[in-house]
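Q: I would like the atomic coordinates for the input below:
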Amino acid sequence: MLRHGLRNLSSMSLKTLETLNFDNAALADLPVDNSKNNVPRQVPNACFARVAPTPLASPSTVVYSTKAMELIDLPKSELDRPDFPSYLCGSKEIPGADYAAHCYCGHQFGYFSGQLGDGATMYVGEVVNSKNERWEIQFKGAGKTPFSRSADGRKVLRSSIREFLASEAMYHLGVPTTRAGSCVVSTDTVVRDVFYTGRNVHEKCTVILRIAPTFLRFGSFEIFKSIDRVTSRVGSSPGKTDILNKMLDYTLQRFYPEISREDKETAVVELYRAIMERTARLVAKWQAVGFCHGVLNTDNMSVMGITIDYGPYGFMETYDPAFICNGSDKGGRYTYQAQPAICKWNVGKLGEMFSLVVPQQKLNDVLSTWDTVYNTAYLEQMRSKLGLLSIHSSDLDLVEELLTAMYRTQSDFTNTFLRLQDIDIVNGGIEECVEGMVSVCLPLHLVTKFVTTTYSKEDCDQLLKLVRMYASREDGYNPLAMYGIEPEVVIRDAETHRDLERLAKMTAEDKDKMDRDVWRVWLSKFKARLEEDHKCQVDDMDTYNRKRKEVMAAANPKVIPRNHVLQRAISDAENGDYDLVRRLRDVFEEPYTTPVEQWMCERELEKPPCVVT
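A: Below you'll find the predicted structure:
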């Protein structure tokens with residue numbers, strides 16, 4: 001009887017597309033522009049503008065995530081309904097939905113850009129599920145909004161598949177993120193210049209359903225910014241502290257209820273601290289899985305400390321601290337190694353907006369703890385990846401020396417940690433372990449193909465002179481910044497060009513010997529650290545080794561969304577075959593346990609140079 005009753009209770013919590021439990025608090029608590037004028041325009045004194053999705057012709061489902069849809073109580077039977085794609089692309093209205101586009105501003109590539117807003121996304125509503133959890137759902141690609149500017153408000157199949165798979169992969173990798181519920185494609189098309197070469201192609205309109213506690217971002221608070229001294233641009237609601245206070249109260253009440261609101265100033269400072277700490281821990285997780293966001297503008301940073309807005313992201317393959325996944329980031333502002341510093345800078349910009357209602361110095365004091373919070377979170381991640389069970393003051397040096405070894409030997413980031421997990425360095429000899437590590441290094445004939453730089457050698461030589469010229473200035477003046485050129489990228493490129501020149505003079509045997517020498521040195525230090533680690537434990541060596549391998553297995557994914565795999569899935573989908581997209585969804589749901597030899601993509605696709613088999 002009891003089991004029967006539980007089954008009935010469970011079934012009662014499931015919903016249909018017509019009976020979702022909407023409670024659209026954001027539109028009730030925050031100012032909304034109710035104008036029907038859905039044309040590109042400024043939207044002052046409002047956090048949202050009402051919109052309506054533009055219907056699409058003949059929508060069909062590419063892929064959905066049953067696990068993500070469970071967040072809003074939708075069972076698989078609803079996802080398989082014939083009219084599901086019509087609801088999930090905006091062609092058929094979801095009962096209880098209240099469509100709106102969010103108004104926000106932002107710093108893009110370091111410069112304030114004024115009003116931006118949801119130009120291709122729209123708020124659908126907030127669903128309160130059977131667990132009393134609140135989830136905002138959002139369409140991406142459902143048509144024009146007042147923030148679309150000269151664009152068409154549409155997204156296409158290739159970018160939508162990339163976002164869908166990345167969202168679900170990141171969640172199952174243990175990285176805080178928005179979720180992707182569905183991806184729906186249409187026979188309607190839009191014109192895109194895919195490679196920015198002037199060759200336009202027609203691509204199918206596609207809509208994905210995104211799910212998150214909220215899509216409020218740092219840029220949401222930048223609508224209150226006064227005129228910027230550099231760009232002369234201004235927020236859409238400059239100086240409107242009454243609206244700012246409403247947004248702060250809303251954020252505290254809905255998303256940070258653990259923070260006391262008895263004293264407003266203290267509450268805002270603690271909110272800032274919580275956002276700072278969540279953001280620092282988030283970027284530490286990015287670094288640990290080799291994820292590069294690509295567009296870390298302030299309007300792409302969540303107040304919840306989750307990953308949002310998957311554009312030209314990339315998972316690093318061959319380790320390169322200067323890895324750039326965004327082709328438009330010519331100056332290298334958003335490289336892999338720059339992400340922690342950029343996120344800290346962005347948190348600082350959020351603090352400038354909070355300083356309209358609390359003293360700036362109190363916010364500065366909070367931000368001054370960033371490095372401690374980030375380094376603690378980052379080292380925790382990296383110790384797990386290395387299977388270290390104790391803490392030692394030399395651990396940061398050990399990690400940095402590991403990354404240097406990976407860079408010098410052009411090793412695959414993900415597979416390096418898998419090899420370290422596989423080798424028995426505790427009981428085995430160093431030479432046996434060296435053999436394993438060399439297997440994930442890029443062979444000489446592929447180095448020039450996969451190791452790239454932002455600037456040519458000639459340009460780099462000239463830029464390096466300017467970097468050195470202005471490096472000693474006490475005022476920090478750097479004219480290269482006006483052109484989006486980051487000195488660190490120039491310096492790294494100069495080192496890479498020197499390495500490439502050196503490698504060009506090598507034979508394959510020389511490269512192999514160099515790789516072995518590099519790994520032999522680091523592995524000797526690692527073995528010594530493990531011996532110290534074991535002394536801190538009460539277990540015998542075999543038990544200790546088993547425990548540390550279990551920790552490593554939970555921290556080192558066997559599969560990540562590699563670009564060549566994603567591209568194959570996209571190519572198939574553009575030809576009407578969604579099978580690989582759906583299989584990748586399943587694979588990415590178990591990234592730490594899917595055996596590589598069972599990963600269908602590695603059997604069916606041409607293998608990249610560094611794949612563990």
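Q: What confidence value was assigned to the nearest residue to Asn297 once chain neighbours are set aside?
A: Excluding the flanking residues, the one nearest Asn297 by CB to CB, 6 or more residues apart in numbering is Gln108, at 4.5 Å. In this view, the C-beta of every residue, glycine as well, is placed from N, C-alpha and C. The model reports Gln108 with a pLDDT of 95.
Q: Equivalent analysis for Lys549, please.
A: At Lys549, the predicted lDDT confidence score is 96.
Q: ditto for Arg468
A: The predicted structure scores Arg468 at 87 on the pLDDT scale.
Q: what about it, how many neighbours?
A: Using other CB atoms under 10 Å, the number of residues around Arg468 comes to 12.
Q: Distance of the residue nearest to Asn297 relative to Arg154?
A: Shown here: Gln108 relative to Arg154, a distance of 21 Å by CB to CB, to the nearest Å.
Q: of the two, who's got more company?
A: For Gln108 and Arg154, the more surrounded residue by other CB under 10 Å is Arg154, and the numbers stand at 24 against 19.
Q: In contact with the more buried one, which residues?
A: Remark: with contacts taken as CB atoms under 8 Å, 6 or more residues apart in numbering, Arg154 is in contact with 120, 141, 143, 190, 205-206.
Q: Poorly predicted segments of the stretch 401-550 of the chain, please.
A: By pLDDT under 70, the low-scoring segments of the stretch 401-550 of the chain are 476, 481-484.
Q: For it, which segments count as helices?
A: In the stretch 401-550 of the chain, the segments counted as helices under DSSP state H, counting those that start in this stretch are 413-422, 430-438, 444-450, 457-471, 487-504, 508-535, 541-555.
Q: between those, which gets nearest to Thr66?
A: Of all the helices of the stretch 401-550 of the chain, it is helix 541-555 that lies closest to Thr66, at 23.9 Å by CB to CB.
Q: how far does the helix or strand just after that closest one sit from the chain's center?
A: Moving toward the C-terminus from helix 541-555, the next helix or strand (DSSP states H and E) is helix 563-574. When C-alpha coordinates are averaged (CA atoms, centre = their mean, to the nearest Å), helix 563-574 and its chain have centres 20 Å apart.
Q: likewise stretch 552-566?
A: Offset of stretch 552-566 from its chain centre (CA atoms, centre = their mean): 14 Å.
Q: again, but for stretch 71-84
A: 27 Å.
Q: Need the winner for burial among the helices of the stretch 401-550 of the chain.
A: The highest mean neighbour count among these, using mean count of other CB atoms under 10 Å, belongs to helix 413-422: a mean of 22.
Q: Pull up the gap between the closest residue to Gln410 other than its chain neighbours and Lys527, please.
A: Using CB to CB, 6+ apart and skipping the chain neighbours, the partner closest in space to Gln410 is Leu442 (3.6 Å). Applying CB to CB, the value for Leu442 to Lys527 is 25 Å.
Q: and Glu270, what pLDDT?
A: What the model reports as pLDDT for Glu270 is 98.
Q: element containing it, please.
A: With secondary structure defined by DSSP H and E, Glu270 is part of helix 264-289.
Q: Any idea how far the helix or strand following that helix is from the middle of the chain?
A: Downstream of helix 264-289, the first helix or strand assigned by DSSP H and E is strand 291-292. For strand 291-292, the distance from its own C-alpha centre to the chain's C-alpha centre is 6 Å (CA atoms, centre = their mean).
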